[in-house]
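[1] sequence-free structure coming up:
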């Protein structure tokens, strides 16, 4: 069937890709099936940088949003639900973070049905609806559903698509591009935390949700519209593909992410509170989150840039070992503010690069059509880890630490990072072996 002048025609070709035949580059009415790599948009230049920028903005809102919800959490504890048990209130943030990670597995089926751009815009609509509905919520269960499940699922779609898109457009600068995009979550805290804090105090929590909804809709809407694949890929006939669970390299990536989240959650949930317990004000605690976010963003970008030279897995092995050590030698062993500050900065440097390097490992070793599914499974694994570890850590802090002693959860955080060294070392071995799921190297 011929394409109309100026239109594209999709044709299946035997090399595993769906290639797009441009009719105005051939004779009128003639369908070309012999497109070469050079006839696609170029890698590492031109529209590739638009993809990086759009994906970064998406991550700033989709991944940075849950970071800003710490302000909401404080409001729930101190004002809105002051007579409710803390563990009950915690389900709001637990479901927000869990769904933000776990729901990404749905991105593959939606991209298959609607395309990358439309799937991202669907995420925008769902997440915005969740925020608007949250602004009318007055009960914990309502916020668990709106802010937690609905907003979280919408954000997860945007996160998965935006984290996978740069791998399709970059080669030489792939590490740098993925690092920049992955840093969006940390950078988002620098922007969204002050906005949420100001709107909650100047207006009210209802309007804070609505302002956030407007920002979310505008910025992820525009960025989502700019997203598109460099070339269309044949997707698996299965809506959700669990075959990667038979791939030892992929399983090791999932295990690293699960263990990392246990240690990472200890910092996110309890380190700011530990600062208050050594005599610092809540304002100081909030300001240090900004400092941590700056170093976290820089670390993700720099590690992505040097991953090809030093090896992504090698960087992670060294950094996770250092992170476990500083948990015990700094946070566990001291109550001085200067040591806490140094620890927080060092954690921002050494404790977070997996969020960019894990994506880079997947993009480097797996073909484009598998990247989104494996990233989705990786984030599903982290989501399940969050769902289990957040309440468990809270119980340990409540029962063992009596809500004043952080020693037990500090040890838990250190143990999680040390334990992640085992799958990392195995991953390094598996990446060197022949794997039918890996992309064919030229």
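    Okay, I see it. Everything numeric here is computed off the predicted structure, so don't read it as measured data.

[2] Next up, the contacts around residue 316.
    256, 353-354, 357, 424 (C-beta atoms under 8 Å, 6 or more residues apart in numbering). The way it works is simple: take the backbone N, C-alpha and C, and place the C-beta from them, glycine included.

[3] wait, residue 73 sits on residue 96?
    No - look at residue 73 against residue 96 with C-beta atoms under 8 Å: they stay out of range, at 9.5 Å.

[4] Neighbour count: those two, which is higher?
    residue 96 (27 against 16; other C-beta atoms under 10 Å).

[5] quick one: the more buried one from residue 247, how far?
    Distance of residue 96 to residue 247, given as C-beta to C-beta, to the nearest Å: 30 Å.

[6] what does residue 140 give?
    From residue 140 over to residue 247 the distance is 40 Å, taken as C-beta to C-beta.

[7] Same question for residue 110.
    Going from residue 110 to residue 247 by C-beta to C-beta gives 23 Å.

[8] what does residue 128 give?
    36 Å.

[9] Of these two, give the one with the bigger neighbour count.
    More crowded of residue 128 and residue 247, by other C-beta under 10 Å: residue 128, with 22 against 19.

[10] Could you point out which residue ranges in the stretch 101-250 of the chain have low pLDDT?
    Residues of the stretch 101-250 of the chain that meet the criterion pLDDT under 70 lie in 233-241.

[11] Can you give the contact residues for stretch 276-285?
    The contact list for stretch 276-285, computed with C-beta under 8 Å, 6+ apart, reads 74, 272-273, 275, 335-337, 340, 404, 406.

[12] Of all pairs in those, which one spans the longest distance?
    Distances among the contacts of stretch 276-285 were taken as C-beta to C-beta; the most separated pair is 74 and 336, at 25.2 Å.

[13] For those two, indicate the residue with more neighbours.
    Taking neighbours as other C-beta under 10 Å, residue 74 and residue 336 compare with residue 74 leading, 15 against 11.

[14] Quick check, pLDDT for the more buried one.
    Here the pLDDT value assigned to residue 74 is 67.

[15] try residue 263
    pLDDT, residue 263: 93.

[16] now do residue 32
    As summarised for this prediction, residue 32 has a pLDDT of 37.

[17] in this structure, which helix has the most residues?
    For the chain, the helix reaching the highest residue count under DSSP state H is reported as helix 368-399.

[18] and it, what other elements does it pack with?
    helix 86-102, helix 107-114, helix 151-169, helix 248-277, helix 354-365, helix 407-419 (3 or more C-beta pairs under 8 Å, 6 or more residues apart in numbering; DSSP states H and E).

[19] Most tightly packed of these?
    helix 151-169 (a mean of 28; mean count of other C-beta atoms under 10 Å).

[20] ok and the first helix or strand past it going along the chain relative to helix 151-169, angle-wise?
    Using DSSP states H and E, the helix or strand that follows helix 151-169 in sequence is helix 174-182. Angle of helix 174-182 versus helix 151-169, following axes from the mean of the first three to the mean of the last three C-alpha atoms, to 10 degrees, is 160 degrees.

[21] Now do the domain split for this structure, please.
    The chain breaks down into these domains under automatic domain parsing: 41-237, 241-442.

[22] Could you say which of these is packed most deeply?
    Across the domains of the chain, averaging neighbours per residue (mean count of other C-beta under 10 Å) puts domain 41-237 on top, at a mean of 21.

[23] ok, back up a step: in TSV: the helices and strands packed on helix 368-399, plus distance to residue 205.
    Formatted as TSV, these follow (distance: least, C-beta to C-beta, whole Å):
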stretch	distance to residue 205
helix 86-102	12
helix 107-114	30
helix 151-169	14
helix 248-277	20
helix 354-365	29
helix 407-419	29
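
[24] Quick one, which of the ones you listed gets closest to residue 218.
    Distance to residue 218, taken as C-beta to C-beta, is lowest for helix 151-169 among the helices and strands packed on helix 368-399, at 13.6 Å.

[25] Show me how far the closest one is from its chain's centre.
    8 Å (C-alpha atoms, centre = their mean, to the nearest Å).

[26] residues in contact with stretch 379-389?
    94, 97-105, 156, 159-160, 254-255, 257-262, 265.

[27] I'd like the mean pLDDT over the host helix or strand of residue 60, please.
    Take DSSP H and E as the rule and residue 60 turns out to sit in helix 47-62. In this model, helix 47-62 has a mean pLDDT of 91.

[28] Run the chain-centre distance for that helix.
    Distance of helix 47-62 from the chain centroid (C-alpha atoms, centre = their mean) equals 13 Å.

[29] now the angle from it to helix 174-182?
    Relative orientation of helix 47-62 versus helix 174-182 (the same axes, to 10 degrees): 30 degrees.

[30] one step back: for the helices and strands packed on helix 368-399, which one sits closest to residue 194?
    helix 248-277 (15.5 Å).

[31] angle of that closest one against helix 354-365?
    Using the same axes, to 10 degrees: helix 248-277 against helix 354-365 is 170 degrees.

[32] so how far is helix 248-277 from its chain's centroid?
    13 Å.

[33] can you check stretch 297-308 too?
    With C-alpha atoms, centre = their mean as the basis, stretch 297-308 stands 16 Å off its chain's centre.

[34] Other residues contacting it?
    Residues contacting stretch 297-308 (C-beta under 8 Å, 6+ apart): 175-180, 182-183, 186-187, 312, 315, 319, 348-350, 352-353, 355-357, 360.

[35] SS state for the closest residue to residue 365 other than its chain neighbours?
    Leaving aside its sequence neighbours, residue 365 sits nearest to residue 438 (C-beta to C-beta, 6 or more residues apart in numbering; 5.1 Å). Counting by DSSP: H, G, I helix; E, B strand; the rest coil, the backbone at residue 438 sits in coil.

[36] My read is that residue 438 contacts residue 364, right?
    No - between residue 438 and residue 364 there is no contact under C-beta under 8 Å: 9.3 Å.

[37] Need the pLDDT of residue 13.
    On the pLDDT scale, residue 13 is placed at 33.

[38] should've said residue 20
    38.

[39] ok now do residue 339, which residues does it touch?
    330-331.

[40] ok now the strand or helix carrying it, how far from the chain's centre?
    Per DSSP H and E, residue 339 falls inside helix 337-350. Centre-to-centre, helix 337-350 and its host chain are 22 Å apart (C-alpha atoms, centre = their mean).

[41] again, but for stretch 133-144
    Distance, stretch centre to chain centre, for stretch 133-144: 24 Å (C-alpha atoms, centre = their mean).

[42] Next, the angle from the helix or strand harbouring residue 286 to helix 354-365.
    In this assignment (DSSP H and E), residue 286 forms part of helix 282-310. Per the same axes, to 10 degrees, the angle that helix 282-310 makes with helix 354-365 is 20 degrees.

[43] Check which element follows helix 282-310 along the chain.
    As assigned by DSSP H and E, the chain's next helix or strand after helix 282-310 is helix 312-326.

[44] element containing the residue nearest to residue 135 when sequence neighbours are not counted, please.
    In space, and not counting its chain neighbours, residue 135 is closest to residue 209: 3.7 Å by C-beta to C-beta, 6+ apart. Using DSSP H and E, residue 209 maps to helix 205-226.
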